[in-house]
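Participant: fold the following.
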Amino acid sequence: MFLRLSLLSFLALTGAMQSPSTASYRRSGATVSTEWQRGERVSDDTPLQVQIALAQSNIAEAGSALIAISDPDSPHYGRHWTPSKVARALAPAAEDVASVRRWLNGSGISSGRVGRSHAGDQLRFESTVGELGRILNTTYYQYTDVNGQDAQVACEAYHLPLSVASLIDYITPTLPHASARSPERKRTTARVNTSYTRRTRDVTSSPEPFDCRKYTTPSCLRDIYGIPAQPRAPHPDNTFGVFQLAWVTWRPEDLDSFFSRFQPELVGRRPLVERIDGGYLQYDYNVTAFNLEPDLDFSYAMALTGSQPVVNLQVGDMFKLGNINNMLAAFDKYYCGALDPSIDPVFPDPLPGGYNKSTDCGTVAPPNVISISYSWNEADFPPEYLRRQCNEFLKLGLMGVTVVVSSGDTGTKAGPAPGMCNDPASGSANATNSGRFSPQWPASCPWVTVVGGTQLTTQTNNTSSPPPTFPANSSVSETVFRVTAGDSVLSSSGGFSNVFSTPVYQLGAVAEYKRREKEHLAALAGQFNGGGRGYPDVAALASTYLAVVDDKLTTVFGTSASAPVFASIIALINNERLHAGKRRVGFVNPTLYAHAKVLRDVALGANDGCGVSEAFRASAGWDAVTGLGSPDYEKMRRLFMSLP
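Facilitator: Residues are numbered from 1 along each chain as shown. As a prediction, this is how the structure comes out:
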């Protein structure tokens with residue numbers, strides 16, 4: 001297992017080590033990332049705020065329970081848990097908390113110095129560099145990133161006694177972490193799952209028909225996937241949300257321009273804004289980087305679901321963008337204490353201008369369906385952090401929430417285009433076009449539904465040239481999304497996690513894929529983790545979407561469009577079930593893998609990346625670039641309506 005740790009070197013558990021006096025467990029990264037520069041040792045009397053994130057209980061059992069309530073053949077199907085049941089089941093065991101406290105007490109940290117978060121999953125105390133260094137058998141240095149924008153007190157490795165190592169997820173401060181940075185006022189630093197624009201048209205021009213063999217519009221999606229043109233009136237319990245970061249804002253004028261052309265009855269309609277940790281929306285700067293993603297997401301989510309209210313989950317304020325963990329903490333008060341302040345934007349400190357605010361903690365009810373069109377590099381984070389966040393998606397699944405995420409647009413590379421590969425020796429990322437494949441996050445979490453990208457065989461494969469012209473009787477089928485954008489090739493991201501193993505619901509599908517592609521995958525040996533969670537799970541069109549951005553009709557490419565399309569289909573099916581007196585569908589992966597024929601298999605094309613022009617290939621059945629295939633709404637609706 002190799003882990004790329006951008007801006008950091010992160011704790012991979014490296015095994016038990018024997019010291020002369022005691023057995024301990026060493027946590028470290030293989031190397032410190034070259035993006036961090038180690039400076040001088042930090043003075044022993046430097047004060048530190050120490051936080052110990054305690055491991056949750058019964059995670060394996062909770063995963064089995066989610067599979068059971070999501071398995072269409074299980075008598076427990078659809079019996080979702082209440083939030084209180086989830087909290088009770090996964091809370092750290094009292095004896096484990098006591099064991100960690102005894103270790104601290106034996107290390108010189110008296111009980112009176114140790115506080116516990118209100119959720120009970122974190123211990124906190126004040127210390128010094130010298131004291132903590134002695135307890136963890138480590139040395140602290142000043143680390144600065146190569147851009148000079150961040151400085152941290154950190155160590156290269158630390159040690160825990162074997163008696164408590166399995167009871168602790170992570171301790172801060174220890175290893176250098178990727179911090180959340182404040183954006184400059186006029187730009188966003190969000191790592192958006194990049195969608196590329198090709199050319200623009202003035203929306204004031206007269207309406208004209210658009211050929212679905214060249215462009216993607218709401219009516220094209222309805223025709224291709226069988227989505228109803230007039231969905232049933234929304235059930236009062238049906239909810240659908242779309243995640244966005246602060247500063248990234250839809251423009252009312254853009255929505256109305258889009259709707260006037262493609263969905264006239266929605267002119268004047270707006271997303272419902274749920275502000276999390278400030279939920280900053282800005283309307284002062286008409287900049288594509290700010291407006292493209294939300295204009296695209298809400299135009300299509302609203303158009304495809306009709307009168308269904310769509311919630312804008314806006315996370316972060318004008319000083320700190322926020323991230324997925326902040327949204328998850330707003331859903332779950334028991335998760336707030338587990339936020340890692342060296343990675344997650346937390347808000348207990350006074351901000352510029354005397355502005356004070358606390359992290360939203362269990363203040364927001366999660367929508368039934370959540371669409372996330374953002375992606376990060378899995379290797380940017382420590383595995384413990386990823387597992388903790390993935391457990392929150394597990395909790396949402398237990399409560400009947402469907403989380404839909406985009407796979408990314410950089411093939412076997414990760415991060416924003418052109419993406420990065422992983423260094424074979426250290427696992428750290430590099431900007432070259434070679435190395436080990438680098439999985440995307442949160443796509444690599446097994447408890448979300450990941451949407452890859454396709455395009456019609458009649459759509460362009462070059463963002464700088466106009467769509468091709470085809471005769472009216474030409475065949476239209478889907479192939480892997482893959483386009484040339486300047487000097488880069490964008491293609492549907494897919495592959496296998498370096499952190500999470502293959503989940504039980506896809507074991508058969510992944511094994512069959514490896515059998516079919518045995519010879520081809522043998523040529524890629526050593527570049528990916530064959531035992532990892534495979535993604536994507538499904539796919540949808542990711543090419544030549546028409547959207548209005550900053551008053552211009554624009555063509556957009558990327559799986560950031562695919563995710564809200566598939567999420568809209570799940571929201572519509574939820575609506576049908578709720579009207580029939582049934583429960584929402586919740587975590588859909590086990591049902592889809594058990595009934596793959598409700599999806600349209602995509603067996604053409606391949607993604608690329610890390611020096612491989614034909615990496616993971618689409619093939620019959622599940623594959624690591626288009627998953628099980630694209631949706632057939634009516635088949636999916638009939639399947640889910642047949643379930644309890």
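Participant: which positions in the host helix or strand of T554 come out as buried?
Facilitator: Using DSSP states H and E, T554 sits within strand 552-557. For strand 552-557, the neighbour count (16 or more other CB atoms under 10 Å) marks 552-557 as buried. Where C-beta positions appear, they are placed from N, C-alpha and C, glycine not excepted.
Participant: which parts of the lengthiest helix in the chain are buried?
Facilitator: Determined from DSSP state H, the single longest helix within the chain is helix 559-579. For helix 559-579, the neighbour count (16+ other CB under 10 Å) marks 559-578 as buried.
Participant: before we move on, what about stretch 303-318?
Facilitator: 303-306, 308-318.
Participant: stretch 64-72 too?
Facilitator: In stretch 64-72, counting by 16+ other CB under 10 Å, buried: 65-67, 69-72.
Participant: dump it to CSV, restricted to CA.
Facilitator: The C-alpha trace of stretch 64-72 is given here as CSV (Å, rounded to 0.1, in the frame of the first residue of the first chain):
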residue,chain,number,x,y,z
SER,A,64,-22.4,-5.5,8.3
ALA,A,65,-25.7,-3.9,9.5
LEU,A,66,-25.6,-1.4,6.7
ILE,A,67,-25.2,-4.2,4.1
ALA,A,68,-28.1,-6.1,5.7
ILE,A,69,-30.5,-3.1,5.6
SER,A,70,-29.4,-2.4,2.0
ASP,A,71,-29.5,-5.9,0.7
PRO,A,72,-32.7,-6.4,-1.4
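Participant: distance from that stretch to the middle of the chain?
Facilitator: Chain-centre distance of stretch 64-72: 22 Å, with CA atoms, centre = their mean, to the nearest Å.
Participant: show the average pLDDT along it.
Facilitator: Across stretch 64-72, the average pLDDT comes to 98.
Participant: also stretch 170-184?
Facilitator: 58.
Participant: first to last residue in stretch 310-328, what's the distance?
Facilitator: The first and last residues of stretch 310-328 sit 18 Å apart, counting by CA to CA, to the nearest Å.
Participant: can you show me the strands along the stretch 401-550 of the chain?
Facilitator: Taking DSSP state E, counting those that start in this stretch as the test, the strands found in the stretch 401-550 of the chain are 402-406, 421-422, 429-430, 440-441, 449-456, 478-480, 482-485, 488-491, 495-501, 532-535, 538-541, 545-549.
Participant: I meant the stretch 1-150 of the chain, not that one.
Facilitator: 12-18, 23-28, 36-41, 47-54, 115-116, 122-128, 141-145.
Participant: likewise the stretch 201-350 of the chain?
Facilitator: 240-245, 272-276, 311-315.
Participant: which residues touch D487?
Facilitator: Counting by CB atoms under 8 Å, 6 or more residues apart in numbering, D487 touches P418.
Participant: still on that earlier bit, which stretch in the strands of the stretch 401-550 of the chain has the least confidence?
Facilitator: Looking at the strands of the stretch 401-550 of the chain, the lowest mean pLDDT belongs to strand 429-430 (a mean of 66).
Participant: how many neighbours does the closest residue to G611 other than its chain neighbours have?
Facilitator: Residue nearest to G611 in three dimensions, not counting chain neighbours: S434, with 4.0 Å by CB to CB, 6 or more residues apart in numbering. Neighbourhood size, S434 [other CB atoms under 10 Å]: 13.
Participant: ok, now how distant is S434 from P424?
Facilitator: 9 Å (CB to CB, to the nearest Å).
Participant: touching, A414 and R436? I think so.
Facilitator: No. Assessed by CB atoms under 8 Å, A414 is found out of contact with R436, at 10.8 Å.
Participant: out of these two, which sits in the busier spot?
Facilitator: Taking other CB under 10 Å, A414 and R436 do not tie; A414 has more neighbours (32 against 22).
Participant: what mean pLDDT does stretch 375-395 get?
Facilitator: Here the average pLDDT along stretch 375-395 is 91.
Participant: output it as PDB, nothing but the C-alphas.
Facilitator: This file holds the C-alpha atoms of stretch 375-395, laid out as PDB (Å, rounded to 0.1, in the frame of the first residue of the first chain):
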ATOM      1  CA  SER A 375     -12.900  15.500  -5.300                       C
ATOM      2  CA  TRP A 376      -9.500  15.400  -3.600                       C
ATOM      3  CA  ASN A 377      -6.500  13.100  -3.700                       C
ATOM      4  CA  GLU A 378      -6.900  10.200  -1.300                       C
ATOM      5  CA  ALA A 379      -3.200  10.400  -0.500                       C
ATOM      6  CA  ASP A 380      -3.600  14.000   0.700                       C
ATOM      7  CA  PHE A 381      -4.900  12.600   4.000                       C
ATOM      8  CA  PRO A 382      -3.800  10.100   6.600                       C
ATOM      9  CA  PRO A 383      -5.600   6.700   6.400                       C
ATOM     10  CA  GLU A 384      -7.000   7.200   9.900                       C
ATOM     11  CA  TYR A 385      -8.500  10.500   8.900                       C
ATOM     12  CA  LEU A 386     -10.100   8.900   5.800                       C
ATOM     13  CA  ARG A 387     -11.500   6.000   7.800                       C
ATOM     14  CA  ARG A 388     -13.000   8.300  10.300                       C
ATOM     15  CA  GLN A 389     -14.700  10.400   7.600                       C
ATOM     16  CA  CYS A 390     -15.800   7.300   5.700                       C
ATOM     17  CA  ASN A 391     -17.400   6.100   8.900                       C
ATOM     18  CA  GLU A 392     -19.600   9.200   8.800                       C
ATOM     19  CA  PHE A 393     -20.800   8.100   5.400                       C
ATOM     20  CA  LEU A 394     -21.500   4.700   6.900                       C
ATOM     21  CA  LYS A 395     -23.600   6.400   9.600                       C
END
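Participant: buried stuff in it?
Facilitator: Neighbour-count burial for stretch 375-395 flags 375-395 (criterion: 16+ other CB under 10 Å).
Participant: can you list the domains in this structure?
Facilitator: Annotated domains of the chain cover 12-56+91-172, 196-642 [automatic domain parsing].
Participant: burial of A523, as a residue count?
Facilitator: With other CB under 10 Å as criterion, A523 counts 11.
Participant: pLDDT score assigned to it?
Facilitator: 95.
Participant: nearest residue to the spatially most central residue of the chain other than its sequence neighbours?
Facilitator: The residue lying closest to the centre of the chain (CA atoms, centre = their mean) is P442, at 2.8 Å. Using CB to CB, 6+ apart and skipping residues adjacent in sequence, the residue nearest P442 is V405, 5.4 Å away.
Participant: how close does that neighbour sit to A563?
Facilitator: Counting by CB to CB, the gap from V405 to A563 is 6 Å.
Participant: which residues do those two both contact?
Facilitator: Common neighbours of V405 and A563 (CB under 8 Å, 6+ apart) are 371-373, 451.
Participant: so who does the nearest residue to L167 once chain neighbours are set aside touch?
Facilitator: Setting aside the residues directly before and after it, L167 is nearest to D96 in space (CB to CB, 6+ apart), at 4.6 Å. D96 makes contacts with 54-55, 57, 167, as judged by CB under 8 Å, 6+ apart.
Participant: need the buried ones from those residues selected in PyMOL.
Facilitator: Remark: buried members of these, expressed as a PyMOL selection using 16+ other CB under 10 Å:
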select buried, resi 54+55+57+167
